[in-house]
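Chemist: the following block contains a protein sequence and its predicted model.
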2 protein chains.
Amino acid sequence: MSDAPQPALPRMTRQRAAVLVALESSEDFLSAQQWHESLRDHGSAIGLATVYRTLQALAETGEVDAVRDAAGEVLYRRCGNRTRHHHHLRCRECGAAVEIEGPGVEEWASGIGERYGYSHVEHMIELTGLCRRCTTKEG
Amino acid sequence: MSDAPQPALPRMTRQRAAVLVALESSEDFLSAQQWHESLRDHGSAIGLATVYRTLQALAETGEVDAVRDAAGEVLYRRCGNRTRHHHHLRCRECGAAVEIEGPGVEEWASGIGERYGYSHVEHMIELTGLCRRCTTKEG
DNA sequence: CACCTTTTTGACAATGATTATCATTTGCTT
DNA sequence: AAGCAAATGATAATCATTGTCAAAAAGGTG
Ligand SMILES: [Zn+2]
Ligand SMILES: [Zn+2]
Ligand SMILES: [Zn+2]
Ligand SMILES: [Zn+2]
């Protein structure tokens, strides 16, 4: 019984299983196109549109986290903490990321909303930097 | 002496002056295309590419703030506080926004970097909600 | 002002990530 | 096995943003 992760999608297909396996294999944030390339490189025949659709569906169910890089492209990676709301500290160079929880920021964010009379306040917080490895390689 | 704001660009042109005036006329975050439309509507003959270039140049000098909305489009508005680093609380409906300073968040963000061994850490924090007016209109 | 050099403009084409189409295939239930 | 709804994928379409480049304008100089 090779453990194929449980999806949150109506039907399991060869393609979806492949995406789920791929997601398990890396801790990095990659774009839909990069995931597609990776899947192809590892022998999975799968269409680009399917990769886009699957990642988006998984993002909606919370199985994967989606962020936007500086260029505006959307990056995905499996979520390592679906129980609590969190943010990320991602490496601009290689995509490696860690999930961070900040009770303080959450309170700060919601507090700001009330102060200015805004309702339904949401926040978008993403930290980027160079991970230890990439810091060593570069300057 | 109609006060035309001082640019941070090599040469002052009719188009740039028009963009600067337009920026002064609204507190809302609008996309390059929306600014272009607004300029045209107010009688300024100006090319779309020029609006893009001008807003980008102004964003680099810090004269305008640029953020990305949920759809990934870039929105601009004149910066009301060029002296200090800040973030925004923007209305998802109409673009109205206020600038917010948070010494607390800044420290939190930089602290996270050290904790996980990331260097050159940068942060992206944007709050969105519904302003008082839009909250009244909608639900 | 007339001239010169550099920057800017803008109509238009090109880019590129993402989305829409839609005929074909497939998962799953009966 | 049959039937139906969901999923796939090759392809075209979308659309914000960027690139091109000849023509126009800015600013300095004498
Ligand atoms: Zn997560
Ligand atoms: Zn790295
Ligand atoms: Zn500002
Ligand atoms: Zn509003």
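Modeler: Structure received. Ligands and ions are numbered 1, 2, ... in the order given.
Chemist: excluding chain neighbours, what is closest to residue A:55?
Modeler: Distances taken as CB to CB, 6 or more residues apart in numbering or on different chains put residue A:76 closest to residue A:55, at 4.8 Å, once the chain neighbours are dropped. In this view, the C-beta of every residue, glycine as well, is placed from N, C-alpha and C.
Chemist: what distance separates the helix or strand containing that neighbour from the centre of its chain?
Modeler: Element membership of residue A:76 [criterion: DSSP states H and E] is strand A:74-78. Distance of strand A:74-78 from its chain centroid, counting by CA atoms, centre = their mean, to the nearest Å, is 3 Å.
Chemist: count the neighbours of residue A:67 for me.
Modeler: Neighbour count for residue A:67, taken as other CB atoms under 10 Å in any protein chain shown: 18.
Chemist: and if you look at residue A:91?
Modeler: Using other CB under 10 Å: residue A:91 sits among 22 other residues.
Chemist: contacts only, for it.
Modeler: Contact analysis of residue A:91 by CB atoms under 8 Å, 6 or more residues apart in numbering or on different chains lists A:97, A:128, A:129, A:130, A:131, A:134, B:118.
Chemist: my read: the fourth one touches residue B:122, true?
Modeler: This means residue A:130. No. Using CB atoms under 8 Å, residue A:130 is not in contact with residue B:122, being 10.2 Å away.
Chemist: neighbour count: the two, which is higher?
Modeler: Comparing residue A:130 with residue B:122 by other CB under 10 Å, the one with more neighbours is residue A:130, at 22 against 13.
Chemist: partners of the more buried one in the sheet?
Modeler: Judged by DSSP bridges, the bridge partners of residue A:130 are residue B:119.
Chemist: confidence score at it?
Modeler: pLDDT for residue A:130: 96.
Chemist: contacting residues for it?
Modeler: A:91, A:92, A:93, A:138, B:118, B:119, B:120.
Chemist: could you do residue A:44 as well?
Modeler: Here residue A:44 is in contact with A:15, A:18, A:22 (CB under 8 Å, 6+ apart).
Chemist: how close does the residue lying closest to residue A:18 once chain neighbours are set aside sit to DNA strand C?
Modeler: Spatial nearest neighbour of residue A:18, excluding adjacent residues (CB to CB, 6+ apart): residue A:44 at 4.3 Å. Distance of residue A:44 to DNA strand C, computed by CB to the nearest atom of the strand, to the nearest Å: 13 Å.
Chemist: residues of chain A that sit close to DNA strand C?
Modeler: Residues of chain A lying near DNA strand C by CB under 7 Å from any atom of the strand: A:11-14, A:31-33, A:48-49, A:52, A:56, A:73-74.
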